[in-house]
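Student: Quick one: sequence plus predicted model below, questions after.
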Amino acid sequence: MPARKMLNSAGSKQKAAVRTVKRAYIPASVRRDLWIAAAGRCEFRGCCKPVDRDFLTKARCKVGEYAHIIADSPAGARGILGESERLAADQSNLLLACFDCHARIDRDGMSNEFTAEQLRAMKREHEARIERIYSATGVVESMPLVMSFPIGTHVPIVEVRDIHYAMLTNSNFNQFPTSTAIHIDQSNFHLQDNAPDFWTNAQRALTQQYERLVLPELTARGGAAHLTIAGFAPIPMLMKLGALVGDKTPATILDLPGEKWLWDTRDACPEPLYTYDVPQTLPREVSVVVSLSGKAQHPMGRMVVEFEAVTPGRGIIRKEAHLQQFRTSFNAFLQHLFAAGVRIVHIHPATPLSASIEIGRLLLPKTFEEVHVWEWQAPEWQPALRLK
């Protein structure tokens with residue numbers, strides 16, 4: 001037989017041998033341990049769907065599948081002759097997956113786009129996250145409170161699932177969302193914030209929804225004692241939400257310094273510094289300019305006192321500790337205003353989302369008789385709403 005024909009014959013026998021390899025049996029103990037490690041959820045990054053129920057009907061059933069990182073056949077995705085057989089029933093080589101993600105992992109066989117190392121990384125990340133959840137101590141339950149209003153022509157899209165993820169990640173799994181999440185969704189509000197009637201209507205809508213949806217949860221026996229607040233709205237509306245919540249209800253405030261409400265974890269993240277100069281005596285009514293995310297214009301017509309960041313910037317508050325530092329500094333500033341004789345405050349803010357909510361929580365009517373919030377609409381400040 002010619003040499004070429006002999007090679008073709010040998011290759012055909014190898015392919016035939018590969019095709020006759022049977023799917024490996026995965027022992028019940030291995031399947032059990034994998035389900036526990038994955039907490040009954042798909043381990044493919046970004047999915048995490050529960051696989052102990054029907055996705056449509058929610059009926060209890062097992063819809064999880066066992067996906068191989070190194071295929072159990074050398075002809076499969078990422079298959080390796082010898083290794084495929086050795087690792088076929090090894091838990092370290094298995095991912096718990098939903099039907100769709102199993103298909104993603106296996107489609108196109110040896111041409112599949114996902115590498116073994118990518119899939120191992122997904123498995124490590126998911127199972128490490130589940131382990132942190134199981135091991136968490138001192139856990140606090142917190143009710144997510146989300147608010148969204150249009151900003152100009154921008155229609156915000158805030159996903160509650162992103163808030164859940166941020167709560168868990170930012171707290172290192174020491175803060176868990178309650179089963180109830182409240183979304184005051186006014187993203188399709190019928191007016192834009194430059195319309196004459198926007199502020200009156202928006203304030204009324206927010207107050208009504210807060211009283212209908214949030215207050216019953218806070219006052220009900222066994223209701224949420226802690227809130228996690230995420231708001232994407234014009235600054236005055238964020239302050240109004242903060243004023244409605246007040247400072248008596250414990251709350252964590254989220255912001256958007258980076259990706260999906262996650263705080264910056266870098267050690268080298270710059271720490272903001274604040275400065276202000278409050279005279280010993282002030283008029284009863286003053287304008288307060290708050291310059292954090294940018295340098296705010298000073299209004300005309302009354303005396304101005306400014307609270308400002310030493311280096312203003314759009315992403316100035318990047319950690320929860322930064323927000324607490326701001327809260328402490330701004331509260332001290334307000335106390336100086338009150339001691340100087342101020343009773344009516346006009347706020348002119350250039351502030352991040354989280355700081356805006358915190359200002360609303362701190363500017364309580366019991367301290368100041370009137371609190372007015374203005375919005376910058378170039379080329380001048382426009383009155384927005386009263387927090388009282």
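Tutor: Right, received. Where do you want to start? As the structure is a prediction and not an experimental result, all values here were calculated from the model.
Student: From the structure, what's the count of residues near R327?
Tutor: Using other C-beta atoms under 10 Å, R327 is surrounded by 18 other residues. From N, CA and C alone the C-beta is placed, and that goes for glycine too.
Student: Show me where the protein has its strands.
Tutor: For the chain, the strands defined by DSSP state E cover 65-68, 94-97, 140-148, 175-177, 182-185, 227-232, 251-253, 274-276, 285-291, 304-309, 344-350, 370-377, 380-386.
Student: export those to CSV and tack on mean pLDDT, distance to L119 and mean neighbour count?
Tutor: Formatted as CSV, these follow (pLDDT from 0 to 100; distance: least, C-beta to C-beta, whole Å; neighbours: other C-beta atoms under 10 Å):
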stretch, mean pLDDT, distance to L119, mean neighbour count
strand 65-68, 95, 8, 22
strand 94-97, 96, 6, 25
strand 140-148, 92, 31, 21
strand 175-177, 89, 28, 18
strand 182-185, 94, 34, 19
strand 227-232, 95, 32, 24
strand 251-253, 95, 34, 21
strand 274-276, 97, 47, 15
strand 285-291, 98, 49, 21
strand 304-309, 98, 45, 20
strand 344-350, 97, 46, 21
strand 370-377, 94, 50, 19
strand 380-386, 94, 51, 17
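Student: between these, which one is nearest to L323?
Tutor: Closest of the strands of the chain to L323 is strand 251-253, at 6.2 Å (criterion: C-beta to C-beta).
Student: Return the residues in contact with the residue nearest to M237 when sequence neighbours are not counted.
Tutor: Nearest residue to M237, sequence neighbours excluded (C-beta to C-beta, 6 or more residues apart in numbering): F149, at 5.2 Å. By C-beta atoms under 8 Å, 6 or more residues apart in numbering, the residues touching F149 are 156, 186-187, 189, 193, 202, 232-234, 237.
Student: Could you check the pLDDT of F149?
Tutor: As predicted, F149 sits at a pLDDT of 92.
Student: So for K260, what pLDDT did the model give?
Tutor: Note for K260: predicted pLDDT of 87.
Student: So it sits against H164, correct?
Tutor: No: between K260 and H164 there is no contact under C-beta atoms under 8 Å: 10.7 Å.
Student: ranking the contacts of F149 by neighbours, who comes first?
Tutor: In terms of neighbours by other C-beta under 10 Å, those top out with M237 at 32 neighbours.
Student: show me what contacts the closest residue to E369 other than its chain neighbours?
Tutor: Among residues not flanking E369 along the chain, R343 sits closest, at 4.8 Å (C-beta to C-beta, 6+ apart). Contacts here follow C-beta under 8 Å, 6+ apart; on that basis R343 touches 284-285, 368-370.
Student: quick one: R343 and S329, what's the gap?
Tutor: Counting by C-beta to C-beta, to the nearest Å, the separation of R343 from S329 is 22 Å.
Student: Likewise for A71?
Tutor: Separation of A71 from S329 (C-beta to C-beta): 58 Å.
Student: who has more neighbours, the two?
Tutor: Legend: neighbour count by other C-beta under 10 Å for A71 and S329, higher for A71 (25 against 16).
Student: What pLDDT is listed against the more buried one?
Tutor: A71 is assigned 95 on the pLDDT scale.
Student: wait, doesn't it sit right on E83?
Tutor: No: look at A71 against E83 with C-beta under 8 Å: they stay out of range, at 9.5 Å.
Student: re the thing from before, can you add distance to R31 and give the contacts of R343 back as CSV?
Tutor: As requested, the contacts of R343 are arranged in CSV below (distance: C-beta to C-beta, whole Å):
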residue, distance to R31
R284, 73
E285, 71
F368, 63
E369, 67
E370, 66
